[in-house]
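*Asks:* Any chance you can model this:
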Amino acid sequence: MKPAFVFIDDARFELDNFRAHAAPAFARAEFIYAQTFDEAMEQLDGRRPLCFLLDIYGTLGEGQPGEIISQRDLEASLGPPEATASLYHDLDQVPGGEAGNLFLRRVYAQVECWQRTFLTACEQMGQGREYGLANLRAAREHHPQAAALGYSRKALYADAVAMSRAGADGLLQKPQGGGDEAIAKATRAAAPELAEACYTAVDHRLALLSGALATRLCGEGASLNLAEALEEAIRHLDSGLMGAPTQARAEAHQALLDLRLEELGLTPAELSLVLALREWLGQD
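*Replies:* The predicted structure follows:
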């Protein structure tokens, strides 16, 4: 059985689109699809996930979605349309080569206005980044060995900052498109890159956590065989941490299989980490 990756998104369209057009590129993983974290845990049925792909914007709870912002409120939020000509007004009189920066500030002021309006519309519909943050917190609490990546089409810079500060291993952008067919086509094209990004996130998280465990074991002079096996495994995940591998990947995997983990006094979280590492290392 392949390692389990979990995609949580409150939009059924996004789950179906990913299943049909992105998942086939993930040869090393099997996806679980869910609209809530609890639903994902039910489908996992005790399996140990190695990666969470988390939509950022969504609706928490079981309440009905709010109303779409009215056209009148939308126009009031956006204000009068900015004449294109005003963006260029007096640029030729700006000294010191600063005209370009002034022009970009003016353009971004319009972008920012649309962003504020977008957030207003989200709030009225009961959507926001708390959906992604809540799922991230749950993933970290229940499966700390798993990588967790934000995955959004609508998220803004501030949302990326919030996810990063909450401990996400990275953020990925959903492929864009003007309609369902365009999104499907863009998703198929982006799928190999998305898969590689998720694999890299799994490598990095397992390597960092395993490095911390190996350091503890060495410092305490305990389970040195496990510490050595962890160090070799890390070399196959991130050579920047431990240098180049000294054994074949299959040998490093077998070294972990040969250990009697139940006799090493590991905490439940540490045991889950080693089992996840062993599972991932066994994938080509």
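*Asks:* From now on I want contacts and neighbour counts done on CA atoms only, so please keep to that.
*Replies:* Will do.
*Asks:* Mind jotting down where the helices sit in the stretch 51-200 of the chain?
*Replies:* Under the criterion DSSP state H, counting those that start in this stretch, the stretch 51-200 of the chain contains helices at 71-78, 84-87, 99-124, 130-142, 157-165, 180-220.
*Asks:* and of these, who's closest to Ala20?
*Replies:* Ala20 lies closest, by CA to CA, to one member of the helices of the stretch 51-200 of the chain: helix 180-220, at 8.4 Å.
*Asks:* which ones are touching the closest residue to Lys2 other than its chain neighbours?
*Replies:* Nearest residue to Lys2 in three dimensions, chain neighbours excluded: Ala29, at 5.2 Å (CA to CA, 6 or more residues apart in numbering). The neighbours of Ala29, taking CA atoms under 8 Å, 6 or more residues apart in numbering as the test, are Lys2, Pro3, Ala4, Phe5.
*Asks:* and those residues, which of them are in helices?
*Replies:* Using DSSP state H, the subset of these located in helices is empty.
*Asks:* least confident pick among these?
*Replies:* Within the contacts of Ala29, pLDDT reaches its minimum at Lys2, with 93.
*Asks:* any idea which residue sits dead centre in the chain?
*Replies:* Leu149 (1.1 Å; CA atoms, centre = their mean).
*Asks:* Okay, and the beta partners of that residue?
*Replies:* Listed beta-bridge partners, Leu149: Leu53, Gly170 (assigned using DSSP bridges).
*Asks:* Surely it touches Ile8?
*Replies:* No: proximity of Leu149 to Ile8 does not meet the contact threshold set by CA atoms under 8 Å, at 10.6 Å.
*Asks:* so what sits against both of these two?
*Replies:* Phe52, Leu53, Leu54.
*Asks:* quick one: buried residues of stretch 230-241?
*Replies:* Neighbour-count burial for stretch 230-241 flags Leu230, Glu231, Glu232, Ala233, Ile234, Arg235, His236, Leu237, Asp238 (criterion: 16 or more other CA atoms under 10 Å).
*Asks:* picking up where we left off before, in PyMOL, select just the buried ones from the shared contacts of Leu149 and Ile8.
*Replies:* For the buried members of these, the matching PyMOL selection, counting by 16+ other CA under 10 Å, is:
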select buried, resi 52+53+54
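*Asks:* Out of the shared contacts of Leu149 and Ile8, the closest to Leu226 would be?
*Replies:* Phe52 (26.8 Å).
*Asks:* Retrieve the pLDDT associated with that closest one.
*Replies:* Taking Phe52 on its own, its pLDDT is 98.
*Asks:* That one: what's it in contact with?
*Replies:* Here Phe52 is in contact with Phe5, Val6, Phe7, Ile8, Ala139, Ala146, Ala147, Ala148, Leu149 (CA under 8 Å, 6+ apart).
*Asks:* Going by neighbour count, which of those residues comes out on top?
*Replies:* Neighbour tally across the contacts of Phe52 (other CA atoms under 10 Å): the maximum, 31 neighbours, falls on Ala148.
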